[in-house]
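# Quick one, what's the 3D model for this:
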Amino acid sequence: MIGYVTLGTNDLARAARFYDAIAAEMGVGRMMEFDNFIAWGNPGGNPGGNPGGNPGIGVTRPFDGKPACVGNGVMVALEAQGEAQVRRIHATALAHGGRCEGAPGPRGEGFYAGYFRDPDGNKLNAFCIVVEG
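Okay, here's the model as predicted:
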């Protein structure tokens with residue numbers, strides 16, 4: 001259902017360094033770039049053919065020219081390929097100017113996540129669904 005999410009930034013170059021590192025860990029790169037906007041994801045779409053199954057993330061300077069600010073209660077969840085990748089994404093975020101909002105670990109039955117904020121204060125998490133076999 002979700003095609004992409006954009007988050008506001010007041011420093012596009014700083015945000016680009018942060019999200020370039022996260023995207024690299026997730027195996028994707030920049031798919032669109034303009035003077036005030038950068039998006040990351042898979043420009044080739046979802047191999048399964050589901051048009052809503054390959055969302056991207058972007059950062060932008062607000063169109064109205066006002067400073068970007070954080071939405072209270074807003075969070076973007078990045079789907080990881082397992083617990084190890086959750087830990088790597090979380091560590092990458094912290095190494096590139098992010099702040100910890102909850103160390104990686106189990107969050108209820110079958111859910112594993114690590115929470116962080118980007119350099120502009122936007123809240124994200126990396127998560128995976130843990131299937132017990």
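
# where does the residue nearest to the spatial centre of the chain land in three-state SS?
Closest residue to the average C-alpha location of the chain: L78 at 5.2 Å, with CA atoms, centre = their mean. Secondary structure state of L78, per DSSP: H, G, I helix; E, B strand; the rest coil, is strand.

# With adjacent residues omitted, what lies nearest to it?
Nearest non-adjacent residue to L78, counting by CB to CB, 6 or more residues apart in numbering: A126, 4.9 Å away. Yep, even glycine has a C-beta here, placed from its N, CA and C like the rest.

# export stretch 17-32 as CSV, just CAs?
What follows is stretch 17-32, C-alpha atoms only, in CSV (Å, rounded to 0.1, in the frame of the first residue of the first chain):
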residue,chain,number,x,y,z
ARG,A,17,25.2,10.8,4.3
PHE,A,18,23.0,9.2,7.0
TYR,A,19,20.5,7.6,4.5
ASP,A,20,23.2,6.6,2.0
ALA,A,21,24.8,4.4,4.8
ILE,A,22,21.5,2.9,5.8
ALA,A,23,20.5,2.2,2.2
ALA,A,24,23.8,0.6,1.5
GLU,A,25,23.3,-1.8,4.4
MET,A,26,19.9,-2.7,3.0
GLY,A,27,21.2,-3.2,-0.5
VAL,A,28,19.7,-0.3,-2.3
GLY,A,29,20.9,3.2,-3.4
ARG,A,30,19.6,6.5,-4.5
MET,A,31,16.8,6.2,-7.0
MET,A,32,15.9,9.9,-7.4
